[in-house]
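A.B. asks: have a look at this fold, sequence not included:
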């Protein structure tokens, strides 16, 4: 009678252990890949919001320089817009003597002992960009940019 050697069972157990280890590593890699994609998406959205805030700040400066405050009596105080899922709110406040500010003295004015008649018109521009996380509708972010500009 021949003696039967049982090697087939050991090979099967080794194969199952290797498959379980490979599946665990694959799950870890997929989880890490998903986190990297989410992080990159959030970073992209934040950088886009920063660029919109800068763009609307420059637009506000251009709009203030083109707006005649004394003749029309129209005081430019806000510029709002929506681009995709980004909502931009821009608030403009004026600083300087009443002769320079014109009809916009109600927005913000320093005391008369700080400013002189030769003080240039200065504006404070606050740009707010609101956006939602693309993966989570409940998560909202706001980017704020404040600029003080002499006109």
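C.D. replies: Cool, the structure landed. Nothing here was measured: the structure is a model prediction, and the numbers come from that model. Numbering: from 1, shown residues only.

A.B. asks: so where's this structure uncertain?
C.D. replies: 1-8, 68-73, 98-100, 102-103, 105-119 (pLDDT under 70).

A.B. asks: can you map out the helices along it?
C.D. replies: Using DSSP state H, the helices of the chain run over 8-66, 69-72, 98-101.

A.B. asks: and those, which is most packed in?
C.D. replies: Highest mean neighbour count among the helices of the chain (mean count of other Cβ atoms under 10 Å): helix 98-101, with a mean of 18. Heads up, the C-betas are built off the backbone N, CA and C, glycines and all.

A.B. asks: contacting residues for the residue most central in space within the chain?
C.D. replies: Centroid-nearest residue in the chain, with Cα atoms, centre = their mean: residue 49, separated by 3.2 Å. By Cβ atoms under 8 Å, 6 or more residues apart in numbering, the contact set of residue 49 is 86, 129, 131, 141, 143.

A.B. asks: ignoring the adjacent residues along the chain, who's closest to the third one?
C.D. replies: This means residue 131. Spatial nearest neighbour of residue 131, excluding adjacent residues (Cβ to Cβ, 6 or more residues apart in numbering): residue 86 at 4.9 Å.

A.B. asks: surely the one you found is in contact with residue 46?
C.D. replies: No - under the criterion of Cβ atoms under 8 Å, residue 86 makes no contact with residue 46, lying 11.1 Å away.

A.B. asks: before we move on, the earlier item: include distance to residue 92 when you put the helices of the chain into JSON lines, please.
C.D. replies: Converted to JSON lines, those look like this (distance: least, Cβ to Cβ, whole Å):
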{"stretch": "helix 8-66", "distance to residue 92": "6"}
{"stretch": "helix 69-72", "distance to residue 92": "11"}
{"stretch": "helix 98-101", "distance to residue 92": "12"}
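
A.B. asks: the ones you listed: which one's closest to residue 149?
C.D. replies: Ranking these by proximity to residue 149 (Cβ to Cβ) places helix 8-66 first, at 5.4 Å.
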